[in-house]
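Chemist: sequence isn't available, so here's the structure alone:
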């Protein structure tokens, strides 16, 4: 079973869910805002993929942070920011067994198909 984490209104997340349906891949969607994503889950993702990959610095949530928040980000600060502002998590995030995949490019799609 694939668990997909994202935002219900995110175009890429909707595209990913539609693709999973078309591929016949069973999945469960969790909204990172509405479903109370916890720090332990984010910390596990950071351990697997690294905070630099997980932190979305291209979105409006990042741009709207104070300069102080954006300055000198390290793993601990990134974890705290993503826990406080789940939209800072690059989307979608897929969990398949112990594997964590971030984004929805061709390599992620290939990995999901197995």
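Modeler: Looks like it came in fine. On a predicted model such as this, the values are computed, not experimentally measured, just so you know.

Chemist: what helix or strand does residue 52 sit in?
Modeler: Element membership for residue 52, per DSSP states H and E: helix 51-54.

Chemist: what about that helix, distance to the chain center?
Modeler: 9 Å (CA atoms, centre = their mean, to the nearest Å).

Chemist: cool, and stretch 37-51?
Modeler: Centre to centre, stretch against its chain (CA atoms, centre = their mean), the figure for stretch 37-51 is 9 Å.

Chemist: can you check stretch 104-114 too?
Modeler: Worked out by CA atoms, centre = their mean, stretch 104-114 lies 15 Å from the chain centre.

Chemist: adjust the sequence numbering to begin at 52 for everything that follows.
Modeler: Sounds good: first residue 52 from here, last item stretch 155-165.

Chemist: how about that stretch: buried residues?
Modeler: Of all the residues in stretch 155-165, those buried under the rule 16 or more other CB atoms under 10 Å are 155, 160, 163. All C-beta atoms are positioned from the backbone trio N, CA, C, and that covers glycine.

Chemist: state the pLDDT value of the first one.
Modeler: Same thing as residue 155. We have a pLDDT of 97 for residue 155.

Chemist: so how far is stretch 110-126 off the chain centroid?
Modeler: Remark: stretch 110-126 is offset 17 Å from the chain centroid, using CA atoms, centre = their mean.

Chemist: nope, stretch 142-159 is what I meant
Modeler: How far stretch 142-159 lies from its chain's middle: 8 Å, per CA atoms, centre = their mean.

Chemist: on that earlier part again, just the closest of the buried residues of stretch 155-165 to residue 79, please.
Modeler: Closest approach to residue 79 among those (CB to CB): residue 163, at 13.7 Å.
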